[in-house]
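Q: Sequence and predicted structure below; questions after.
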Amino acid sequence: MHGNIMLVIRIMAGTLCLLLLLTALTTPAYTARILGVAPFPATSHKILLTSLFKELANRGHHLTVITPLPLKEGKPPNYVEIQTGVTMQDVFAQEHVHRPPLSDALLNRLSGAFDRLAARESIHARPATKNEVRRGQTKLQFRRYDCQEQSFCYQILRAMNGHRSDSTKLFEIGEISPYLLMLLMWQVGPKVVESTFENPDVQELLHSNIEKFDLLLTETFFNEGLLGLALKFNVPIISVCTYAGIEVTGDSVGNPYPYAYIPNPFTRFNTHMSFLERFQNTLLNTYSNLGHYLYYLPKQNELLVKYFKDTTENLPYVDDLVKRTSLVFLNNHFSYSFPRPYVPNIVEVGGLHVKPAKKLPQDLQKFMDDAKEGVVYFSLGSNLKSSDMPEYKREAFLKAFSKLKQKVLWKFEADNLPGQPANVKIEKWLPQSDILGHPNIRLFITHGGLLSTQEAIYNGVPLVGIPIFADQKVNVLKSEESGFAKMVDFQNITEASLDLVLNEVLSNPTYLKNAKRISKIYLDQPKPPMELAVYWTEYVIRHKGAPHLRSAALDLNWFQLHLLDVAAVKRSSQNTQRNEYSYGLVADGIQISNSLKGRKP
């Protein structure tokens, strides 16, 4: 009996030692206090950033997170949120978004790509005729209307701000010019920063002399004024870019951005550009840089001064503060994009939010398991509601789905779907990544959001992309170029067009083969993206901002960086040499002439 008791004690002691060892191995040797900032009120931004915040908290670090979108569940005990309450309705409100100081002619040209359907529905009392549309008269009328408005492109804002008025307007946006999109964000960004700082809890943090942090971990998305928090708490900065980034994203760490083969992410170009595409890419990037540094950053600097002049000494200009960034995470990966030049403190962590598929809830698991011919999954993301699409579009989907031998799982936000075929199951919310990881999934019909595209790539699932706005069309086009997707224009969707594209992707094994090929390349990484992000976050903390990673490019003026000063000196030297050569020729000519004439020079 005594021997049995001793055996039990030994087993318990061994188990306790093992648990202590595992805890020591999985917990960092130190715990840092991290201030996380995710200010933009978009669900896709929240998903990416909170994935990293939560993982750092689970590793033992203490997180204080400023966010408009709090976690609903699964919040660790060492994870504190400061809820700003900022909404998309706030930042896109008409009274906060004003027309920039541009001429009517330039504004017309920049806003000309607004979709004709949105223009027709928002502007015209009567539908545009086919002849008007063919002649482009609808767009011209929209442009004239836009230029008469005091607020900047309010019709576009009203359409984008679907939750405030009519969410069906989101389906009418269509393709917005990247020039117009940047103008829009240059207006919206400062409003997000101001709304965040005006929150009473954020104000309390700003004036606190008690709180101490080791790192500012923030999104980089038109919110440079928020970097004043790094000055307030004297901490290094890590920025998280929720997409592939534009030139000014890399400027924060002195990264090169050659226009010849790196396209702006808001264009449709790939890395092999024609002369015209390189010209357009250069034009867009030049416009982006000039607007960013001359028009937009002064707005952010005003906010920096407004909120930090009383609490921070020797306040720098906002661009100088941006260039104190220690490291940038990009939500990108070359497997589905293209190779780019990076300095050591830019790290690709594309798809860090994606996790291996888990077992589905019982009813969904049975639905998927019983689908002998496979399942087609249909979701338009978190901002778009398929229940809001026009009825005739919805009927086209229903008729096309009813002809499929596969089952269809549809994220549909209403309780009932009139005319629902027997092979279609609807749910208001679905665990997308887990569904895409099920072996019976055959196709993902998506809006082309970056996070959804990454989840499909992770699981090797072919796509039918129906982009609506922002970067969705670019994401779908890149997927189409990689051979695992087909794009459908939402405005031109019919039963016949859906039949054609669904049969093409489902019956042609090339799409699945290419999806698996890209997935294999993406998954072949030395560390999963989340592990990489955690490592580099802790690296910057361990090395006090890692100043040894800082590029000397940050210390050069733009003309020095592009060697314009060297070119000018070389040009001047060539001119001097040319003049000396000319003088020599003249002297030689005179000497020869004098010799012929019997004279001495």
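A: Received the coordinates, thanks. Residues are numbered from 1 along each chain as shown.
Q: quick one: low-confidence ranges for this structure?
A: Along the chain, the parts satisfying pLDDT under 70 run over 1-29, 92-176, 570-601.
Q: So which residue is smack in the middle of it?
A: Nearest to the mean C-alpha position of the chain, by Cα atoms, centre = their mean, lies residue 243 at 2.6 Å.
Q: Name the SS class of it, please.
A: Assigned by DSSP: H, G, I helix; E, B strand; the rest coil, the conformation of residue 243 is coil.
Q: So what touches stretch 271-281?
A: If you take Cβ atoms under 8 Å, 6 or more residues apart in numbering as the criterion, stretch 271-281 is touched by 259-264, 267, 269, 338-339. For glycine as for every other residue, the C-beta is placed from the backbone atoms N, C-alpha and C.
Q: Now do it: distance to the chain's middle.
A: Counting by Cα atoms, centre = their mean, to the nearest Å, stretch 271-281 is centred 22 Å from the centre of its parent chain.
Q: Show me what counts as buried in it.
A: Across stretch 271-281, burial judged by 16 or more other Cβ atoms under 10 Å covers 273, 280-281.
Q: thinking again about what came up before, between the contacts of stretch 271-281, which is nearest residue 398?
A: Of all those, the one with the least separation from residue 398 (Cβ to Cβ) is residue 267, at 35.1 Å.
Q: pretty sure the closest one is touching residue 282, no?
A: No. Using Cβ atoms under 8 Å, residue 267 makes no contact with residue 282, being 11.0 Å away.
Q: and which of the contacts of stretch 271-281 is nearest residue 417?
A: Comparing the contacts of stretch 271-281 against residue 417 with Cβ to Cβ places residue 267 closest, at 37.2 Å.
Q: What about that closest one, how many residues nearby?
A: Counted with other Cβ atoms under 10 Å, residues neighbouring residue 267 total 16.
Q: Tell me the secondary structure at it.
A: Put simply, residue 267 is coil when judged by three-state DSSP.
Q: And it, how close does it get to residue 85?
A: Distance of residue 267 to residue 85, computed by Cβ to Cβ, to the nearest Å: 35 Å.
Q: which of the contacts of stretch 271-281 count as buried?
A: For those, a burial check counting by 16+ other Cβ under 10 Å picks out 259, 261-264, 267, 269, 338.
Q: Present those residues as JSON lines; the columns should include secondary structure and distance to residue 452.
A: Shown next, in JSON lines, are the buried ones among the contacts of stretch 271-281 (DSSP: H, G, I helix; E, B strand; the rest coil; distance: Cβ to Cβ, whole Å):
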{"residue": "259", "secondary structure": "coil", "distance to residue 452": "29"}
{"residue": "261", "secondary structure": "coil", "distance to residue 452": "27"}
{"residue": "262", "secondary structure": "coil", "distance to residue 452": "24"}
{"residue": "263", "secondary structure": "coil", "distance to residue 452": "22"}
{"residue": "264", "secondary structure": "coil", "distance to residue 452": "22"}
{"residue": "267", "secondary structure": "coil", "distance to residue 452": "21"}
{"residue": "269", "secondary structure": "coil", "distance to residue 452": "22"}
{"residue": "338", "secondary structure": "coil", "distance to residue 452": "20"}
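Q: tell me the two of those that are most distant?
A: 259 and 338 (14.2 Å).
Q: The residue nearest to the centre of the chain contacts residue 337, doesn't it?
A: No. Using Cβ under 8 Å, residue 243 makes no contact with residue 337, being 10.4 Å away.
Q: So what touches stretch 368-382?
A: With Cβ under 8 Å, 6+ apart, stretch 368-382 has contacts from 43-44, 360, 367, 386, 397, 401, 404-411, 430, 432, 435-436, 438, 440-447, 449, 452, 466, 468, 502, 506.
Q: if you set the cut-off to 6 Å instead, what comes out?
A: Contact with stretch 368-382 is made by 43, 386, 405-411, 435, 438, 440-445, 447, 449, as judged by Cβ atoms under 6 Å, 6 or more residues apart in numbering.
Q: Around residue 319, how many other residues sit close by?
A: Neighbours of residue 319 under the rule other Cβ under 10 Å: 17.
Q: And the one 5 residues further on, by the same measure?
A: Using other Cβ under 10 Å, residue 324 has 18 other residues around it.
Q: just residue 419 next, same as before
A: The tally of other residues near residue 419 (other Cβ under 10 Å) stands at 11.
Q: thought it was touching residue 399?
A: No. Residue 419 is beyond contact range of residue 399, at 8.5 Å (criterion: Cβ atoms under 6 Å).
Q: Wait, a strand at residue 486?
A: Yes. Judged by three-state DSSP, residue 486 forms part of a strand.
Q: Quick check: beta-bridge partners of it?
A: Here residue 486 sits in beta bridges with residue 464, as judged by DSSP bridges.
Q: ok, it - contacts?
A: Contacts for residue 486 (Cβ under 6 Å, 6+ apart) come out as 464, 501, 505.
Q: How about residue 217?
A: Residues in contact with residue 217 (Cβ under 6 Å, 6+ apart) are 34, 36, 238.
Q: What's the first helix or strand after the helix or strand containing the last one?
A: Here residue 238 is covered by strand 237-241, with elements defined by DSSP states H and E. Following the chain from strand 237-241 toward its C-terminal end, the next helix or strand by DSSP H and E is helix 247-251.
Q: That next one: which residues count as buried?
A: For helix 247-251, the neighbour count (16+ other Cβ under 10 Å) marks 247-251 as buried.
Q: hmm, who's touching stretch 334-345?
A: So stretch 334-345 is contacted by 253, 255-256, 262, 271, 327, 457, 518, 521-522, 549, 551 (Cβ under 6 Å, 6+ apart).
Q: Identify, from those residues, the entry nearest to residue 568.
A: Nearest member of the contacts of stretch 334-345 to residue 568, counting by Cβ to Cβ, is residue 256, at 21.2 Å.
Q: tell me the secondary structure for that closest one?
A: Assigned with three-state DSSP, residue 256 falls in the coil class.
Q: now swap in residue 212 and tell me
A: Once three-state DSSP is applied, residue 212 turns out coil.
Q: neighbours around it, how many?
A: Per other Cβ under 10 Å, the neighbour tally for residue 212 reads 11.
Q: do you know how far it is from residue 32?
A: Going from residue 212 to residue 32 by Cβ to Cβ gives 11 Å.
Q: which of the contacts of residue 217 are buried?
A: Neighbour counting with 16+ other Cβ under 10 Å marks 34, 36, 238 as buried within the contacts of residue 217.
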